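Peer 1: no sequence for this one, just the structure:
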Ligand SMILES: Nc1ncnc2c1ncn2[C@@H]1O[C@H](COP(=O)(O)OP(=O)(O)OP(=O)(O)O)[C@@H](O)[C@H]1O
């Protein structure tokens, strides 16, 4: 502990000084105000002596006693100034995390404007309004401190807001006061405390300077600055008259900073925080691709509405409100087959039609997800597979309504549990999402708040959405953990995330999502960071949720082996589109898209010749900026023809093969599968020749 708090002998000495100063704040005036205020005409302007070590002032009052008594006023005024600055600054600095994108940018611009004004100028401006004296000085300096505090808070809150555990909490519908209180403020407390201590010592210095100049504390009150002014006259006769208050100011400033350091270190080196720092140092930060879009997700309901407004409208909906008009090009015109209708019975857990995601880029807008239509039936396990950059995560995040400007989301339809998501207003939408959908991100540690024990994290969604009290929610969480085969669940709830292994954490995240019994879990690469044994545990946990609760699963992975073994239906994505859809059972033998086949060929099976290298797909997938208006896979495809390089193949249903779709001008021959419905079937042989 001592090492973690960096308690060097010097720092311990400063903490002792701070403790002594705090004792003086309490005991100084009662003990010494008699001597401090006693006028002694016989000893006016006396030099240092045993009776008056710092000498006396012009009325013969003991200067040492006055310095001791002034501790209270000096420190309390400095504390009040910093408190005022931070109360204003933190309140304003948190606003961008809570407001919609437009108001957020107004507040951010205002903060920037105030930060640009020199603090002294701002203080003088306010002082002219509120007047001089102790009260005026506190208000003027407090207001001058506020912009820096606001900027710091804004930056810190934005960085925590990007964490996946905040996104996970949002998706289960946790409201902003709870988000702030539980997830954001505890995680930004350490740097804020540090900054607060520094602001207090700065305020002490500034207030002393004002009192020294006669603009701060007014007679008969006095602080160290006022005493310094008295003592300075006699600096050469009685040096301690000036050195005493001067030293008090310097020592107090340094001691306050040391106290702030130790307090901040105590908060920051709280065990879970340390674990997170170690992870960061090891380079295990959350994936930038995921974190970036979610970073904006803090704006509660207003912002999804921006992206959603487009979604609620028909296919030709305008881009999201924040994107400049004309920024987003229409996705290339294709005539995609709609997602196959869900079987009769309960409504589909998720249905999106013509989902496109665009974002502004240097070279104009890019559309990394284009016209994706998919349905996840009630209780179904559907997989999305594709190489990195194929658009899987953006599709999943857009489906979970977690994308915000600068991403612009367009859909012709977006239904969750059979209900049109964007027909609802903010609160209703959040409730629908919170009750019907849970998201499991790739990195379980970043999906859990490192500062909180599992109990709070696993119960908050159930308290919010199932109206359970804390005891009932705890019971539900224990039951979920037990179902997911986590040993000693009661004990686990008392632990912090870093105390669990990777697989346990991911199961805890799944349990967190399952406490509201959602109809759908969207799991984005939930096993990528885990080893094979743990991967099996996590997939088994998802499988149990599916089997026992009928929870549908949308599993995203670049590993076609995982998808094939876990899912019932597979969507293969490439270049932001679905290029093939088929039942998982057909994957190995009946896939017809050359890309799907190439992915499969790159996975070894029992018949693979171990002496020969595995086939790989030549080249690399196109980035969002490189997506052509023709077939995106053509550049890497052995069967590509002129037509592939010129025209985008539409995603079409395969005749006589329910639930199968393919987007290819030359689907591979498949003895078991009927010929594709597209004209491509006939042309294929001809063109290949
Ligand atoms: N925050 C972002 N800023 C700019 N471009 C992005 C961003 N996120 C995604 N993209 C673009 O969108 C494309 C699709 O990204 P997405 O994360 O959905 O792919 P993915 O298939 O999930 O890949 P991975 O498995 O690596 O996560 C990327 O190739 C990238 O060009």
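Peer 2: Right, received. Where do you want to start? It should be emphasised that the depicted structure is a prediction, and the values quoted were computed from it without experimental measurement.

Peer 1: what number of residues lie near residue 181?
Peer 2: Burial of residue 181, expressed as a neighbour count using other C-beta atoms under 10 Å, amounts to 10. (C-beta placed from N, C-alpha, C; glycine too.)

Peer 1: quick check, it in a helix?
Peer 2: Yes: counting by DSSP: H, G, I helix; E, B strand; the rest coil, residue 181 is part of a helix.

Peer 1: mind pulling up the pLDDT for it?
Peer 2: Confidence at residue 181, expressed as pLDDT, is 77.

Peer 1: what do you get for the one 3 residues further on?
Peer 2: With respect to pLDDT, residue 184 scores 79.

Peer 1: and the gap between it and the ligand?
Peer 2: The span separating residue 184 from the ligand equals 22 Å under the rule C-beta to the nearest ligand atom, to the nearest Å.

Peer 1: pretty sure that residue is in a strand, no?
Peer 2: No: secondary structure of residue 184 (three-state DSSP): helix, not part of a strand.

Peer 1: surely it touches residue 157?
Peer 2: Yes: if you go by C-beta atoms under 8 Å, residue 184 and residue 157 touch, sitting 5.5 Å apart.

Peer 1: how about residue 384, secondary structure?
Peer 2: Taking three-state DSSP, the label given to residue 384 is strand.

Peer 1: same question, residue 353
Peer 2: Here residue 353 takes the strand state, with states given by three-state DSSP.

Peer 1: check what pLDDT it gets.
Peer 2: The predicted local distance difference test score for residue 353 is 94.

Peer 1: quick one, what contacts the residue of the stretch 401-550 of the chain found nearest the ligand?
Peer 2: Here the stretch 401-550 of the chain gets closest to the ligand at one residue, residue 525, 6.3 Å apart by C-beta to the nearest ligand atom. In this structure, residue 525 makes contact with 393, 441-442, 556-558, judged by C-beta atoms under 8 Å, 6 or more residues apart in numbering.

Peer 1: how about residue 29, nearest residue that isn't a chain neighbour?
Peer 2: For residue 29, ignoring the flanking residues on the chain, the nearest one in space by C-beta to C-beta, 6 or more residues apart in numbering is residue 69 at 5.2 Å.

Peer 1: and the strand or helix carrying that neighbour, how far out from the chain's middle?
Peer 2: Secondary structure assignment for residue 69, by DSSP states H and E: helix 63-98. Between the centre of helix 63-98 and the centre of its host chain there is 30 Å, according to C-alpha atoms, centre = their mean, to the nearest Å.

Peer 1: that helix - contacts with which helices or strands?
Peer 2: Under the contact definition 3 or more C-beta pairs under 8 Å, 6 or more residues apart in numbering; DSSP states H and E, helix 63-98 sits against helix 9-37, helix 101-116, helix 134-161, helix 185-212, helix 224-232, helix 239-268.

Peer 1: what mean pLDDT does it get?
Peer 2: 92.

Peer 1: and the angle for that helix with helix 101-116?
Peer 2: Note on geometry: by axes from the mean of the first three to the mean of the last three C-alpha atoms, to 10 degrees, helix 63-98 and helix 101-116 are set 150 degrees apart in direction.

Peer 1: what residues does this protein have near the ligand?
Peer 2: For the chain, the residues found near the ligand under the criterion C-beta under 6 Å from any ligand atom are 289, 292-293, 359, 368, 386, 388-394, 558, 623-624.

Peer 1: with that, I have no additional questions.
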